[in-house]
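Peer 1: Here's a sequence, model it:
(chains A and B)
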Amino acid sequence: MNTILFFLPFIPLYAFLAVYVERKLAGFIHDRYGPMEVGKYGILQTIADILKLIQKEDIVPNAADKVLHKTAPLIIFVAVFTGFSVLPLSSGWSGANVNVGVFFLMAIVSLDVVGVIMAGWGSNNKYSLFGALRAVAQIVSYEVPLGLVILSVVMVCQTLNLQEMSFQQGAFMNDYVGLENQQNYLFGIKALGVNVTEVGGILTWNIFRSPILLLGFVLFFVASLAECNRAPFDLPESESELVGGFQTEYAGFRWAVIMLAEYGLMLLMSLLGVVLFLGSWNSPLPNIGEIKLFDWTSGTPGTFLGNILGMFWLLVKALFLVSLQMWARWIYPRLRVDQLMNLGWKVLTPLGLLLVLISGVWRLLMVI
Amino acid sequence: MEFTNFISYFFIAIVVVASSGIFLTKNVLYAALLLVFSMLGLAGIYVLLNAEFVAVTQIMIYVGGVLVLVVFAIMLAHNYSGKPLVVENNNLKLGLFTVVLFVGVVGYSISGVHYAVQKEQDGANSVEAIGVQLISRNLLSFELIAVFLLVSLVGAIYFASKIRKT
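Peer 2: Down below sits the predicted model:
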């Protein structure tokens, strides 16, 4: 089924609300109110901003490379939007159910840089060029730990298919074609002999199936902040030193498209994090004996109720991660370029390698 | 089937147009960016041939990695004079001779191949098949490539550290 029908209207709506929430959140963290003037409690502030942006003149600098400057925002947004095609939304609404889902997403995220570098170079502005160069260096470096963490999840799940991963992390596992005889054990250790396949809930999430992936989730979250160019890794657009980084020369609607893509990428990485670690569209509540909390809160897979509840859990978890990303932005100062590289290559990458090793051992425990 | 053919020609058109653009443009940066489109078109053709894994690897390696580095190199060579880096056409005769030779050899060697989309493989998990093949039948070459990669990594680090000392 085509999840584009859901994502196409959802992303602008989400971005519209996320900008408002981010400004409010920033306000609360700074002990102030944030936007209060437009609408009740400032809720219509983003609409006022969008109206302003649409009315603005579409400025293309005289010395800029016109073709690159104009197409760059489109490339950035299309790259991000393509990524949503492989994400499952619920048990019955799986998106493009391809066997290389995770791998495809990683490739798409790196495609985003091509747009950034077009924007930075096409603007013919030194600030923009510096921003674009930083973006490339940052994303190429942080793809290594991100890839290692994703690899360790793939080793535990034994699949690259995002929908199959989702089914593995809940009590509906045996409903998926190819997983009929698989069993989930507590902490993934078969020798303990506690079968939690029918219990579901948080006990079958990947961070519980292989507890080492809890560390993996932290690494993934840090690396995803860097991939999204979010603070404390927002060097490509650092306002205080590079004016606006690669987007310095953009105005009006083209700038709005770049912002939409940035918020879209935040949602994409959060959804990926939820699918990989936090049980995807499965309810967090386990079945405890006769109290079937998991069954009550997830409906039957494939039915209308099952789809609605699946989407609800997936989006609640993903939006929680998005707000964590916003939270991190307002409490941590920006890293220096050398600190960024140190963290990426000397901390995250060795930890990622260690994680791959331990995940391999854990996979053995899951079947022996 | 009609629609699949149409999409296939669409991707082929992308590859042909983008690749022609690479040698028609004199701006090196445009050439590098057109290479991305050429690679994406190729990836599309791979998907139509049921080789999803190869397609994504294509995007991952070439678009994500090599191309970003190509653009990097161009930007570092670019001297910030405000003018784009342009290339000139040299060795036209030798180049034409090489092209004719290359097209002849490749055309001759693939002219006998029968291209048919293998429908029976549809739905089969090609990722799993590739994994099993890599670790059983092609284990030696797989390990050799890993060693080569390690050697080049260590070499790169060695050269980088050497420059810092002097």
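Peer 1: do the biggest helix by length in chain B and chain A meet?
Peer 2: As assigned by DSSP state H, the longest helix anywhere in chain B is helix B:139-165. No: on the criterion Cβ under 8 Å from any Cβ of the partner chain, helix B:139-165 is out of touch with chain A, staying 10.7 Å away. Just so you know, the C-beta spots here come from the backbone N, C-alpha and C atoms, and that holds for glycine as well.
Peer 1: and that helix, what other elements does it pack with?
Peer 2: Packing partners of helix B:139-165 (3 or more Cβ pairs under 8 Å, 6 or more residues apart in numbering or on different chains; DSSP states H and E): none among the helices and strands.
Peer 1: Leaving out the residues flanking it, which one is nearest to the residue of the stretch 201-350 of chain A found nearest chain B?
Peer 2: When scored by Cβ to the nearest Cβ, the stretch 201-350 of chain A has residue A:345 as its residue closest to chain B, at 10.7 Å. Distances taken as Cβ to Cβ, 6 or more residues apart in numbering or on different chains place residue A:141 nearest to residue A:345, at 6.5 Å, with adjacent residues excluded.
Peer 1: what's the closest non-adjacent residue to residue A:287?
Peer 2: Leaving aside its sequence neighbours, residue A:287 is closest to residue A:294 (4.6 Å, by Cβ to Cβ, 6+ apart).
Peer 1: Assumed that neighbour was part of a strand.
Peer 2: No: for residue A:294, which was evaluated using DSSP: H, G, I helix; E, B strand; the rest coil, the result is helix, with no strand membership.
Peer 1: Run a quick check on residue A:42 versus residue A:35, I expect a contact.
Peer 2: Yes: with contacts counted by Cβ atoms under 8 Å, residue A:42 reaches residue A:35, the gap being 3.5 Å.
Peer 1: what's the domain layout of chain B?
Peer 2: Recorded structural domains for chain B (assignment: automatic domain parsing) are B:1-98, B:117-166.
Peer 1: Run the chain-centre distance for the first one.
Peer 2: Relative to its chain's centre, domain B:1-98 lies at 8 Å (Cα atoms, centre = their mean, to the nearest Å).
Peer 1: Which residues of the stretch 51-200 of chain A lie near chain B?
Peer 2: Close to chain B, as judged by Cβ under 8 Å from any Cβ, the stretch 51-200 of chain A has residues A:63, A:65, A:68, A:98-100, A:103-104, A:106-108, A:110-111, A:113-114, A:117-118, A:121, A:124, A:126, A:129, A:133, A:136, A:139-140, A:143, A:160.
Peer 1: Now that we have the residues you listed, which of them are buried?
Peer 2: Buried by 16 or more other Cβ atoms under 10 Å in any protein chain shown: A:65, A:68, A:98-100, A:103-104, A:106-108, A:110-111, A:113-114, A:117-118, A:121, A:124, A:129, A:133, A:136, A:139-140, A:143, A:160, out of these.
Peer 1: circling back to that earlier point, tally of neighbours for the residue of the stretch 201-350 of chain A closest to chain B?
Peer 2: By other Cβ atoms under 10 Å in any protein chain shown, 14 other residues sit near residue A:345.
Peer 1: these two touch, right, it and residue A:143?
Peer 2: No: under the criterion of Cβ under 8 Å, residue A:345 makes no contact with residue A:143, lying 11.9 Å away.
Peer 1: Nearest to chain B: which residue in chain A?
Peer 2: With Cβ to the nearest Cβ as the measure, residue A:110 is the residue of chain A nearest to chain B, at 3.1 Å.
Peer 1: tell me the pLDDT at that residue?
Peer 2: Here the pLDDT value assigned to residue A:110 is 79.
Peer 1: That one: which element?
Peer 2: helix A:101-122 (DSSP states H and E).
Peer 1: Which other helices and strands does that helix contact?
Peer 2: Contacts of helix A:101-122 with other secondary structure elements, assessed using 3+ Cβ pairs under 8 Å, 6+ apart, are made with helix A:66-83, helix A:126-157, helix A:162-168, helix A:252-276, helix B:28-48, helix B:52-58, helix B:68-77.
Peer 1: how distant is it from the center of its chain?
Peer 2: On the basis of Cα atoms, centre = their mean, helix A:101-122 is displaced by 14 Å from the centre of the chain it belongs to.
Peer 1: Next, the angle from that helix to helix B:28-48.
Peer 2: Going by axes from the mean of the first three to the mean of the last three Cα atoms, to 10 degrees, helix A:101-122 is angled at 160 degrees with respect to helix B:28-48.
Peer 1: Contacts (any at all) between chain A and stretch B:7-26?
Peer 2: No: Stretch B:7-26 stays out of contact with chain A when judged by Cβ under 8 Å from any Cβ, the minimum separation being 10.9 Å.
Peer 1: outside of that stretch, which residues touch it?
Peer 2: The set of residues that contact stretch B:7-26 without belonging to it, under Cβ atoms under 8 Å, 6 or more residues apart in numbering or on different chains, is B:30-31, B:34-35, B:37-38, B:40-42, B:44-45, B:48, B:86-88.
Peer 1: Just the CA coordinates for it, please, in CSV.
Peer 2: This file holds the C-alpha atoms of stretch B:7-26, laid out as CSV (Å, rounded to 0.1, in the frame of the first residue of the first chain):
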residue,chain,number,x,y,z
ILE,B,7,10.1,2.9,-16.9
SER,B,8,13.1,1.0,-18.2
TYR,B,9,13.5,3.4,-21.2
PHE,B,10,13.0,6.3,-18.8
PHE,B,11,16.0,5.2,-16.7
ILE,B,12,18.0,4.5,-19.8
ALA,B,13,17.2,8.0,-21.1
ILE,B,14,18.4,9.5,-17.7
VAL,B,15,21.7,7.6,-18.0
VAL,B,16,22.3,8.6,-21.6
VAL,B,17,21.4,12.3,-21.1
ALA,B,18,23.4,12.6,-17.9
SER,B,19,26.4,10.8,-19.3
SER,B,20,26.4,12.9,-22.5
GLY,B,21,26.2,15.9,-20.3
ILE,B,22,29.3,14.9,-18.5
PHE,B,23,31.5,15.2,-21.6
LEU,B,24,29.6,18.1,-23.2
THR,B,25,29.9,20.4,-20.2
LYS,B,26,33.2,22.0,-19.5
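Peer 1: tell me which residues in it are buried?
Peer 2: The neighbour-count check on stretch B:7-26 (16+ other Cβ under 10 Å) flags B:11, B:14, B:15, B:18, B:19, B:21, B:22 as buried.
Peer 1: how about TSV for these, with distance to residue B:62, secondary structure and pLDDT added?
Peer 2: As requested, those are exported to TSV (distance: Cβ to Cβ, whole Å; DSSP: H, G, I helix; E, B strand; the rest coil; pLDDT from 0 to 100):
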residue	distance to residue B:62	secondary structure	pLDDT
B:11	15	helix	87
B:14	15	helix	90
B:15	13	helix	91
B:18	13	helix	90
B:19	13	helix	88
B:21	16	helix	87
B:22	13	helix	83
